[in-house]
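K.L.:
The sequence and its predicted three-dimensional model are supplied below.
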Amino acid sequence: MSAGNKPVTPVKPTGMEMVFLYPCPYCARQVPLLGPTQPDMAQCDACGKRFPVVPVDAKTLRFVKIMLAGGKAGVDPDFI
């Protein structure tokens, strides 16, 4: 193996986001959204129609992020 093909050390997460799945009321496709904390409109990537979504609780998102230390505590300990 030459010096240019040195294996890359696995990278640990430095942040995290929570994805919520909202069913499209028109085609039933599960539309992924990154933790919407305000009432908003989503657009289905399958049928292209827009629909309103119920927001998630910002305090709950913050709690989960704190509990997982922004993703760092979510690392598989058996891998390290």
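P.N.:
Perfect, I can see it now. Numbers count the residues shown, from 1 in each chain.
K.L.:
rest of the way, CA atoms for contacts and neighbours
P.N.:
Fine.
K.L.:
Return stretch 53-65 as CSV; C-alpha atoms alone will do.
P.N.:
Extracted C-alpha coordinates of stretch 53-65, given in CSV (Å, rounded to 0.1, in the frame of the first residue of the first chain):
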residue,chain,number,x,y,z
VAL,A,53,-47.7,19.7,9.5
VAL,A,54,-48.0,19.8,13.3
PRO,A,55,-44.7,21.0,14.9
VAL,A,56,-42.7,19.0,17.4
ASP,A,57,-41.8,20.3,20.8
ALA,A,58,-38.6,22.3,20.8
LYS,A,59,-37.9,21.4,24.5
THR,A,60,-38.1,17.7,23.7
LEU,A,61,-35.7,18.1,20.8
ARG,A,62,-33.3,20.1,23.0
PHE,A,63,-33.6,17.4,25.8
VAL,A,64,-32.7,14.5,23.4
LYS,A,65,-29.8,16.5,22.0
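K.L.:
Where does the prediction get shaky in the chain?
P.N.:
1-3 (pLDDT under 70).
K.L.:
Repeat the analysis, applying 90 as the threshold.
P.N.:
Low-confidence segments of the chain, defined by pLDDT under 90, are located at 1-6, 9-10, 74, 77-80.
K.L.:
Could you pull out the strands in it for me?
P.N.:
19-23, 30-34, 40-43, 50-53 (DSSP state E).
K.L.:
closest one to Pro77 among those strands?
P.N.:
For the strands of the chain, proximity to Pro77 was assessed by Cα to Cα; strand 19-23 is nearest, at 23.1 Å.
K.L.:
mind listing what that closest one pairs with, with the direction of each?
P.N.:
When pairing is defined by DSSP bridges, strand 19-23 lines up against strand 30-34 (antiparallel).
K.L.:
Columns distance to Pro7 and mean neighbour count on top of the strands of the chain, output as CSV?
P.N.:
As requested, the strands of the chain are exported to CSV (distance: least, Cα to Cα, whole Å; neighbours: other Cα atoms under 10 Å):
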stretch, distance to Pro7, mean neighbour count
strand 19-23, 31, 14
strand 30-34, 33, 14
strand 40-43, 41, 14
strand 50-53, 44, 15
